[in-house]
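Peer 1: Need coordinates for the below:
(4 chains)
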2 protein chains.
Amino acid sequence: MGRWKPNARGRLEQAALELYVERGYDRTTVAEITRRAGLTERTFFRHFADKREVLFAGSGALEELCVDAVATAPGATAPIDVMTAALDTASSLFQERGDVVRQRQSVIDANTELRERELVKLASLSAALADALRLRGVGDLTARLTAETGMAVLKVAYERWIREPDDRTLHQHLGECLDALRAVTART
Amino acid sequence: MGRWKPNARGRLEQAALELYVERGYDRTTVAEITRRAGLTERTFFRHFADKREVLFAGSGALEELCVDAVATAPGATAPIDVMTAALDTASSLFQERGDVVRQRQSVIDANTELRERELVKLASLSAALADALRLRGVGDLTARLTAETGMAVLKVAYERWIREPDDRTLHQHLGECLDALRAVTART
DNA sequence: TCCGCCATGACAGCTACTGTCATCACCTAG
DNA sequence: CTAGGTGATGACAGTAGCTGTCATGGCGGA
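Peer 2: Purely as a prediction, here's the structure:
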């Protein structure tokens, strides 16, 4: 066995989620998290920029997957359909482990600072997707609008999926939201 | 003259903006702000929930104006057009004092925490507009999607308006973005 | 075998933010 | 005119998030 127990970062993530669920985000101190993980406060801040970031460790991977979905879509696909493909990629990730996702989301919803950080992650995803669209030759205005609109659809679909029991999949919600969006923007 | 100099809140807002511009947000301490305003730190936190909030003092009024625009739109107006009316209301507010808006925006753009807070304000506006739409009898899904889409359009139009010289108004940018959005979501 | 790397620990320090009590001009009732 | 309540501010101590800096000591390569 090495000098330290392995996977310090993962232990911190798990300890943090546990404590945030048990006692709430703001009733949990970083000292408590590191105590449970068998590390020191200083080490926590070496792995995560701040106390919130530990809950969003997976957002980088999600972003990569979505960007990849945009990059690998067939060449002739319309921007909105490329975006839909990216959202479907994200949706399967959530759908797979609905339990953990819902638990994590309940922690986030209970705290303003965490919702704030969640919005930043969505904005980052939007920017990355807009970049990926531009790389496909999509114009700047269309790329940004498609990405932002995609985030709008994702937000609404995700929220409805979380709230409802398991009868409809996130994928289905995304489809319904996209249809509704088309109805909203259709010329009268 | 009263016991204290008047308009403590306004003095804090002005001192904060000045210092944020002069030295940057994170190189400014609350103590410095209150020193310039002739008050104490404790008083700062009685007027503003945190160090960022002082930059967003006007967001409440903006939200009220937009909600009011939704509420007072003619009864038969389609949701997307109601939303456009609300965005136009917001746009005149920005257009009026473009100088201060741009200065404030440059402070926000230079700091992640401030961009984070800006996103929260937009989300709050979105929720308020969705509520206002529901009060008009618009269904929940349509209301949310219309509001979120409106924010998407506002974000993109605002960003382009800020970046460009003054040749096009924010109102014009909003129109162009809405057209582009319709092109994006149009069925192929 | 030795050396340098690097993840972690130890510790001091700053600053955002909070709880609590004191102060004292102003307002209002009587 | 006076007494007492009100409310904005000050004073002060304390917590916790976050940072800078140096020390430690297994591990891997030369």
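
Peer 1: Name the nearest residue to the residue nearest to the spatial centre of chain A, ignoring sequence neighbours.
Peer 2: Taking C-alpha atoms, centre = their mean, the centroid of chain A lies closest to residue A:59, which sits 5.1 Å from it. Counting by C-beta to C-beta, 6 or more residues apart in numbering or on different chains, residue A:59 lies nearest to residue A:121, which is 4.5 Å off, once chain neighbours are set aside. Glycine gets a C-beta too; all of them are placed from N, C-alpha and C.

Peer 1: Give the next helix or strand downstream of the host helix or strand of that neighbour.
Peer 2: Taking DSSP states H and E as the definition, residue A:121 sits inside helix A:112-135. Following helix A:112-135 in sequence order, the next helix or strand is helix A:140-163 (DSSP H and E).

Peer 1: Is that following helix positioned near chain B?
Peer 2: Yes: Helix A:140-163 reaches chain B (C-beta under 8 Å from any C-beta of the partner chain) through A:141-142, A:144-146, A:148-149, A:151-153, A:155-156, A:159-160.

Peer 1: Give the buried residues for that helix.
Peer 2: Counting neighbours by 16 or more other C-beta atoms under 10 Å in any protein chain shown, one finds that the buried residues in helix A:140-163 are A:141-158, A:160-162.

Peer 1: same question, stretch A:114-134
Peer 2: Neighbour counts using 16+ other C-beta under 10 Å place A:114, A:116-123, A:125-126, A:128-130, A:132-133 of stretch A:114-134 among the buried residues.

Peer 1: What's the mean pLDDT across that stretch?
Peer 2: Averaging pLDDT along stretch A:114-134 yields 98.

Peer 1: then that stretch to PDB, C-alphas only?
Peer 2: Listed next in PDB are the C-alpha coordinates belonging to stretch A:114-134 (Å, rounded to 0.1, in the frame of the first residue of the first chain):
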ATOM      1  CA  LEU A 114     -25.500  25.500  -5.600                       C
ATOM      2  CA  ARG A 115     -28.200  26.500  -8.100                       C
ATOM      3  CA  GLU A 116     -25.900  29.400  -9.000                       C
ATOM      4  CA  ARG A 117     -23.100  27.100  -9.800                       C
ATOM      5  CA  GLU A 118     -25.400  24.800 -11.700                       C
ATOM      6  CA  LEU A 119     -26.300  27.700 -14.000                       C
ATOM      7  CA  VAL A 120     -22.600  28.400 -14.600                       C
ATOM      8  CA  LYS A 121     -22.100  24.800 -15.700                       C
ATOM      9  CA  LEU A 122     -25.000  25.100 -18.100                       C
ATOM     10  CA  ALA A 123     -23.600  28.300 -19.500                       C
ATOM     11  CA  SER A 124     -20.200  26.600 -19.900                       C
ATOM     12  CA  LEU A 125     -21.900  23.800 -21.700                       C
ATOM     13  CA  SER A 126     -23.700  26.300 -23.900                       C
ATOM     14  CA  ALA A 127     -20.500  28.000 -24.800                       C
ATOM     15  CA  ALA A 128     -18.800  24.700 -25.600                       C
ATOM     16  CA  LEU A 129     -21.600  23.600 -27.800                       C
ATOM     17  CA  ALA A 130     -21.700  26.900 -29.700                       C
ATOM     18  CA  ASP A 131     -18.000  26.500 -30.300                       C
ATOM     19  CA  ALA A 132     -18.500  23.000 -31.600                       C
ATOM     20  CA  LEU A 133     -21.200  24.200 -33.900                       C
ATOM     21  CA  ARG A 134     -19.000  26.900 -35.300                       C
END
